[in-house]
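Enquirer: here is a sequence with its predicted model. Questions after.
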Amino acid sequence: LYSTSRGDLFPLGSFGHTGWTGTSIWLDPETGVFVVLLSARNHPDGAGNAIPLRARLASVVAAAVTDASPAALRLASSRLAPLAARAAAPLPRGPAERASLPFDVRPGLDVLEESSFAALKGKRVALLTNPTGVTRDGRPAASVLLSDRAKAAGVTLVRLFSPEHGFGGALDEKVADGVDSATALPVVSLYGEKRRPSAKDLDGLDAVVVDLQDAGVRFYTYLTTMGYVMEECARAKVAVVVLDRPNPIGGETIEGPPADPERLSFTAVHTVPVRTGMTIGEVARMLNAERAIDAALTVVAMKGWRRAYWYDETGLPWVNPSPNLRSVTQAALYPGVALLETTNVSVGRGTDAPFELLGAPWVDAERLARTLNLRGIPGVRFAPVSFVPSSSRYAGESCRGVRMTVTDRAALRPVALGIEIATALRDLHPADWKRERFADLLASGAALARFERGEPAGTVVAGWAAEQMEFERRRARFLMYE
């Protein structure tokens with residue numbers, strides 16, 4: 001179900017299998033559509049990665065084939081030809097050549113290791129991380145900092161910090177302090193009784209290393225936890241080293257109103273839009289300067305990443321940033337669909353497709369799907385569905401609503417999508433939809449006022465254009481990648 005080989009368009013109920021050399025097969029029993037990939041990703045140097053290609057091929061096939069006719073199959077073949085040619089081309093042999101290509105991005109953790117831990121030489125450090133902090137070949141950040149190479153550089157890892165969802169990345173509740181069984185190091189939770197490290201937690205440290213996979217979204221709390229760590233480290237005269245990672249939904253597009261200064265909170269650490277268009281390292285640079293934190297900050301940049309890349313174009317393994325963010329498709333929808341979580345609808349938590357589903361027991365599914373489809377919202381289509389969440393809101397209750405299928409993620413504007421859904425619920429279910437806290441994650445009084453005046457989604461979205469442009473100007477000085 002969560003396999004990236006499914007691509008963006010193969011529906012739930014489709015299934016498949018993968019092989020060691022990059023081979024894969026994916027099938028949809030309802031339509032009879034299938035895709036088979038034969039590859040040799042371990043040629044010529046054993047370092048190839050077929051995962052992003054599998055996902056792209058599946059998406060191309062699902063988008064191109066609408067029936068089993070010969071014409072449809074010829075169309076699929078013609079669209080697959082460029083990708084097939086690229087797959088058949090010889091791989092560059094030198095690391096410099098490979099680093100310039102998509103599917104060969106090296107995160108900050110790998111770059112730190114390749115530099116013989118230059119940013120941490122001789123330092124006693126703590127590490128803020130979770131399962132997303134891994135090397136390109138899957139080694140956890142903690143084990144890298146405890147390796148013989150790190151010790152030879154004088155790096156001493158003494159403590160671990162964990163953000164929301166805990167060090168194991170699997171909890172949807174407050175998290176207590178603990179001990180990591182793999183390293184026997186103490187784990188200090190920053191999503192439990194406290195949200196900031198104490199002076200005692202920082203005592204004796206030279207630096208705190210941050211290695212977290214962000215979602216590219218303002219209300220994803222890892223940004224706030226990083227900001228709070230930076231503030232406390234600045235007070236304690238402890239350096240901060242951020243190991244950069246990709247923005248999973250690309251670094252070109254920003255979207256949404258910047259948060260109002262008076263609405264900053266744990267889900268809005270700074271006056272940035274909902275969709276930031278920045279990496280976690282770039283956000284750290286902005287926080288340090290614009291919030292006058294003045295931490296001794298070092299960002300270890302990635303190699304090979306470009307702003308246009310989505311996560312499945314990097315070649316890096318997908319590790320769920322949180323329990324309900326399980327694919328690039330869900331990450332693409334998250335900035336908008338999650339805006340509605342503070343209201344009385346389910347966004348699919350407790351189902352197999354969080355953020356791809358939205359509904360409630362009182363929703364008229366057919367009417368909502370028809371209304372949204374008639375609006376021609378770019379990059380997404382809607383189908384009426386029923387579902388029963390096993391946890392979270394409406395656990396055990398039958399919900400009616402819509403399933404969202406991303407048809408063109410480059411055209412999708414998820415924050416605008418969230419506003420489209422909100423205006424549809426406002427107009428179709430004025431008595432049933434409880435929206436007192438709808439502004440919590442939007443964090444913009446002006447946008448909320450337009451919405452509450454009954455304005456259409458397009459007018460609400462157009463109202464933040466000037467603020468969005470101003471943020472783009474602010475953002476420019478902190479960008480690290482082309």
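Expert: Structure's in. What do you need?
Enquirer: can you confirm Leu109 is in a strand?
Expert: No: read with DSSP: H, G, I helix; E, B strand; the rest coil, Leu109 is helix and lies in no strand.
Enquirer: for beta bridges, what are the partners of the closest residue to it other than its chain neighbours?
Expert: Excluding the flanking residues, the one nearest Leu109 by C-beta to C-beta, 6 or more residues apart in numbering is Leu243, at 4.8 Å. Just so you know, the C-beta spots here come from the backbone N, C-alpha and C atoms, and that holds for glycine as well. Taking DSSP bridges as the rule, Leu243 bridges to Val300.
Enquirer: quick one: the helices in the stretch 251-400 of the chain?
Expert: With DSSP state H, counting those that start in this stretch as the criterion, the stretch 251-400 of the chain has helices at 280-290, 328-337, 365-374.
Enquirer: how about these, which one is nearest Leu441?
Expert: Smallest distance to Leu441 across those (C-beta to C-beta): 9.5 Å, for helix 328-337.
Enquirer: give me the number of residues near Tyr293?
Expert: Just to correct that, residue 293 is Ile rather than Tyr. Using other C-beta atoms under 10 Å, Ile293 has 18 other residues around it.
Enquirer: isn't it up against Ala234?
Expert: Yes: Ile293 lies in contact with Ala234 (C-beta atoms under 8 Å); the separation is 5.2 Å.
Enquirer: thinking again about what came up before, make JSON lines out of the helices of the stretch 251-400 of the chain and add distance to Arg159.
Expert: Output for these, formatted as JSON lines (distance: least, C-beta to C-beta, whole Å):
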{"stretch": "helix 280-290", "distance to Arg159": "20"}
{"stretch": "helix 328-337", "distance to Arg159": "30"}
{"stretch": "helix 365-374", "distance to Arg159": "48"}
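Enquirer: returning to that earlier point: residues touching the residue nearest to Leu109, list them.
Expert: Counting by C-beta atoms under 8 Å, 6 or more residues apart in numbering, Leu243 makes contact with 107-109, 111-112, 133, 141, 209-211, 281, 300.
Enquirer: what's the answer for Asp408, then?
Expert: Here Asp408 is in contact with 378-379 (criterion: C-beta under 8 Å, 6+ apart).
Enquirer: next, it: phi, psi?
Expert: Asp408 adopts backbone torsions of phi -160, psi 100, taken as degrees, to the nearest 10.
Enquirer: repeat for Trp26
Expert: Per degrees, to the nearest 10, the backbone of Trp26 is at phi -140, psi 130.
Enquirer: same question for Arg403.
Expert: Torsion angles, degrees, to the nearest 10, at Arg403: phi -100, psi 130.
Enquirer: isn't Asp211 right up against Val125?
Expert: No: the pair Asp211 / Val125 is not scored as a contact, 11.3 Å apart, by C-beta under 8 Å.
Enquirer: between these two, which has more neighbouring residues?
Expert: Ranked by neighbour count (other C-beta under 10 Å), Asp211 and Val125 place Asp211 first, with 28 against 22.
Enquirer: how far away is the more buried one from Asp110?
Expert: 11 Å (C-beta to C-beta, to the nearest Å).
Enquirer: with Ala301 instead?
Expert: In terms of C-beta to C-beta, Ala301 sits 11 Å off from Asp110.
Enquirer: neighbour count for the two, which is higher?
Expert: With neighbours defined as other C-beta under 10 Å, Ala301 and Asp110 compare such that Asp110 has more, 21 against 18.
Enquirer: for the more buried one, give me its contacts.
Expert: 135-136, 303.
Enquirer: contacting residues around the helix or strand where Thr423 lies?
Expert: Applying DSSP states H and E as the criterion places Thr423 in helix 414-428. Residues outside helix 414-428 that contact it (C-beta under 8 Å, 6+ apart): 255-256, 273-275, 332-340, 343, 345, 358, 363-364, 367-368, 371-372, 375, 377, 380, 404, 433, 435, 438, 451, 454, 456-457, 460-461.
Enquirer: please flag which of these sit within strands.
Expert: Counting by DSSP state E, the part of these found in strands is 358, 380, 404.
Enquirer: most neighbours of all those, which one?
Expert: Met404 (31 neighbours).
Enquirer: distance-wise, check that residue relative to Gly359.
Expert: 11 Å.
Enquirer: hang on, the earlier thing: list the buried residues for the helix holding Thr423?
Expert: 414-426 (16 or more other C-beta atoms under 10 Å).
Enquirer: of the residues you listed, just say which sits nearest to Ala476.
Expert: Val415 (20.5 Å).
Enquirer: my read: Ser392 touches Val345, true?
Expert: No: in this structure, Ser392 is not within contact of Val345 by C-beta under 8 Å, at 11.1 Å.
Enquirer: buried residues in the host helix or strand of Leu223?
Expert: If you go by DSSP H and E, Leu223 is part of helix 222-236. With burial defined by 16+ other C-beta under 10 Å, the residues of helix 222-236 counted as buried are 222-234, 236.
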